[in-house]
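Visitor: Give the three-dimensional model of this entry:
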Amino acid sequence: MANLLKGAATRAAIAAGVHPLAAHAKPGERPPPMWAAHQWKTYLDTERSVEEAIAYVRDNPIKEGKAEQNWSFITPFAGIPTGGWTTYH
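Guide: Down below sits the predicted model:
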């Protein structure tokens, strides 16, 4: 699944002209990969695992010396509902 998502994102970046390594492409070839060699695989099946994933994503820009990112559409994690099946859309 991760490879399918990365492939689709790469094609979209090339089509939109925003691939970060486009300047390094050899004539007639695709640019070098913009992704790390392996994907991060985790199950978000507990509140702790979700909170750790949120912290990882939130803290990444800061670790790289970039500004903290705050987006108006992000809402705090309210926990995993108990009792029954949960589907997220």
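Visitor: any weak-confidence spans in the protein?
Guide: 86-89 (pLDDT under 70).
Visitor: max-length helix in it?
Guide: helix 47-63 (DSSP state H).
Visitor: What segments of this protein are helices?
Guide: 2-16, 47-63.
Visitor: Give me the distance between the last one and the centre of its chain.
Guide: To tie it back to what came earlier, the one meant is helix 47-63. With CA atoms, centre = their mean, to the nearest Å as the basis, helix 47-63 stands 12 Å off its chain's centre.
Visitor: ok, and what's touching that helix?
Guide: With contact meaning CB atoms under 8 Å, 6 or more residues apart in numbering, helix 47-63 is reached by Thr42, Tyr43, Leu44, Ala67, Glu68, Gln69, Phe77, Gly79, Ile80. Where C-beta positions appear, they are placed from N, C-alpha and C, glycine not excepted.
Visitor: Could the C-alpha coordinates of it be exported in PDB?
Guide: Extracted in PDB, the C-alpha atoms of helix 47-63 (Å, rounded to 0.1, in the frame of the first residue of the first chain):
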ATOM      1  CA  GLU A  47      -4.600   5.400  21.900                       C
ATOM      2  CA  ARG A  48      -0.900   5.300  22.800                       C
ATOM      3  CA  SER A  49       0.100   4.300  19.200                       C
ATOM      4  CA  VAL A  50      -2.000   7.100  17.800                       C
ATOM      5  CA  GLU A  51      -0.500   9.600  20.200                       C
ATOM      6  CA  GLU A  52       3.000   8.500  19.400                       C
ATOM      7  CA  ALA A  53       2.400   8.800  15.700                       C
ATOM      8  CA  ILE A  54       0.900  12.300  16.200                       C
ATOM      9  CA  ALA A  55       4.000  13.300  18.200                       C
ATOM     10  CA  TYR A  56       6.300  11.900  15.500                       C
ATOM     11  CA  VAL A  57       4.600  13.900  12.700                       C
ATOM     12  CA  ARG A  58       4.300  17.000  14.900                       C
ATOM     13  CA  ASP A  59       7.900  17.000  16.000                       C
ATOM     14  CA  ASN A  60       9.600  16.200  12.600                       C
ATOM     15  CA  PRO A  61       9.800  19.800  11.300                       C
ATOM     16  CA  ILE A  62      11.300  20.900  14.700                       C
ATOM     17  CA  LYS A  63      13.900  18.100  14.600                       C
END
